[in-house]
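**Q** sequence and predicted model, in that order:
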Amino acid sequence: MWYAPEQGFDLQKLLQVMKGLAWIDYSAIRYKSPPPATHPHHTESKESVPDLPPHMADKLAQFTRWMEHKRYSHNTIKAYRDMVKLFLMFFQDRDTTGITNEDVVRFVNEYMVKRNLSFSYQNQLVNGLKLFYREVEKSRMDIEKIHRPKREFKLPNVLSKEEIKGILEAHANVKHRAMLSLIYACGLRRSELLNLKPTDVDSKRMVLVIRNAKGRKDRIAPLSAKVLEMLRTYYKAYKPKRWLFEGQYAGTPYSAKSLQSVLKQALVKANIHKPVTLHWLRHSYATHLLEGGTDLRYIQELLGHKSSKTTEIYTHVSTKQIQQIKSPFDSL
């Protein structure tokens with residue numbers, strides 16, 4: 001066993017000198033910050049990842065160019081690139097062609113499991129690795145044996161109509177009210193709202209056109225007369241040009257951070273003490289449609305879900321049928 005002084009220690013230099021001569025297990029010191037405390041809601045790592053050695057950086061750049069060529073979304077490219085980089089950094093003293101399925105298991109156990117990272121975070125890693133080893137790095141890796149974690153079954157968070165009303169009426173500012181109202185009224189994702197343009201509001205057909213949504217699909221959502229009137233009031237006051245909801249400077253889109261702040265302020269004013277996110281409004285929209293008698297197939301189209309199984313989860317949170325069930329306790 002060798003020891004090296006911490007002061008002036010250069011890990012990269014040591015790895016270069018010992019490459020081909022010895023295998024160095026430095027997993028205990030790979031990242032300077034300690035693993036975060038386990039928490040059921042911890043979903044992603046905040047640790048900074050050092051730069052990759054040149055032979056791996058070239059492969060990662062090739063992977064990025066391939067995804068750009070295939071027109072993957074910016075968010076997907078960033079997510080997959082960051083995941084693959086994190087994985088490769090774990091084995092930076094190895095050649096990429098020599099990394100095996102056993103190494104994937106080791107990485108999951110030593111990095112993800114110990115940090116209690118979420119199912120979705122690990123699943124994103126699997127997506128990135130499968131793509132990287134299928135399209136860029138032809139190696140001994142059997143991508144069919146890169147297994148996904150057992151899926152968590154979590155019910156979507158849903159607000160009551162009274163709570164929704166309190167949130168939407170909390171803001172006197174017509175712009176803030178219009179943004180939150182449109183998310184709920186049309187079941188929008190945050191990015192879908194922020195990407196809207198004035199021309200996407202089709203007042204003649206009474207629909208909102210949602211372009212290039214998740215999966216690069218367009219869809220339409222019905223606009224009620226009440227929502228359309230609110231949008232007209234907003235438009236007259238702000239006169240947006242490029243984006244339906246513009247930021248502080250004309251021609252720039254409203255930021256996701258500012259939108260989250262708008263919701264946070266509304267929750268305080270409405271006296272709602274739940275960890276509500278913007279996506280709760282979308283979940284509530286779908287659930288309230290289902291409870292109102294809308295067919296599940298139509299809800300799937302309105303939400304832009306590729307699979308009906310994704311939409312079916314709302315049947316588990318709808319209380320309409322459950323409330324008709326009488327507990328045997330009541331007959332005692």
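**A** Right, received. Where do you want to start? Only a predicted model underlies this, so the values are computations on that prediction, with no experimental measurement involved. Residues are numbered from 1 along each chain as shown.
**Q** tell me the domain ranges of this protein?
**A** For the chain, automatic domain parsing gives the domain ranges 15-145, 161-318.
**Q** count the residues that sit near the nearest residue to Ala237 once chain neighbours are set aside.
**A** The shortest distance from Ala237 to any non-neighbouring residue, by CB to CB, 6 or more residues apart in numbering, is to Val174 (5.7 Å). Every C-beta, even on glycine, is put in place using the N, C-alpha and C of the backbone. Here the count is done by other CB atoms under 10 Å, and Val174 has 17 residues near it.
**Q** pretty sure Val174 sits against Thr233.
**A** Yes - counting by CB atoms under 8 Å, Val174 touches Thr233, with 5.7 Å between them.
**Q** got phi/psi on Val207?
**A** Here is the backbone geometry of Val207 (degrees, to the nearest 10): phi -140, psi 160.
**Q** specify the beta-bridge partners of it.
**A** Asp202, Pro222 (DSSP bridges).
**Q** hang on, the earlier thing: of the domains of the chain, which is nearest Leu155?
**A** domain 161-318 (5.2 Å; CB to CB).
**Q** return the distance of the closest one from the chain's centre.
**A** When distances are taken as CA atoms, centre = their mean, to the nearest Å, domain 161-318 is centred 17 Å away from the chain's centroid.
**Q** in the protein, what residue spans correspond to helices?
**A** Applying DSSP state H to the chain gives helices spanning 11-18, 54-69, 74-90, 101-107, 119-135, 161-168, 174-186, 190-194, 225-238, 256-269, 278-291, 296-303, 308-312.
**Q** of those helices, which is nearest Val113?
**A** Short answer: helix 119-135, nearest of those by CB to CB, at 8.7 Å.
**Q** who's in contact with the residue nearest to Ala237?
**A** By CB atoms under 8 Å, 6 or more residues apart in numbering, Val174 lies in contact with 230, 233-234, 237.
**Q** would TSV of the domains of the chain with distance to Arg151 be doable?
**A** Below are the domains of the chain laid out as TSV (distance: least, CB to CB, whole Å):
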stretch	distance to Arg151
domain 15-145	6
domain 161-318	11
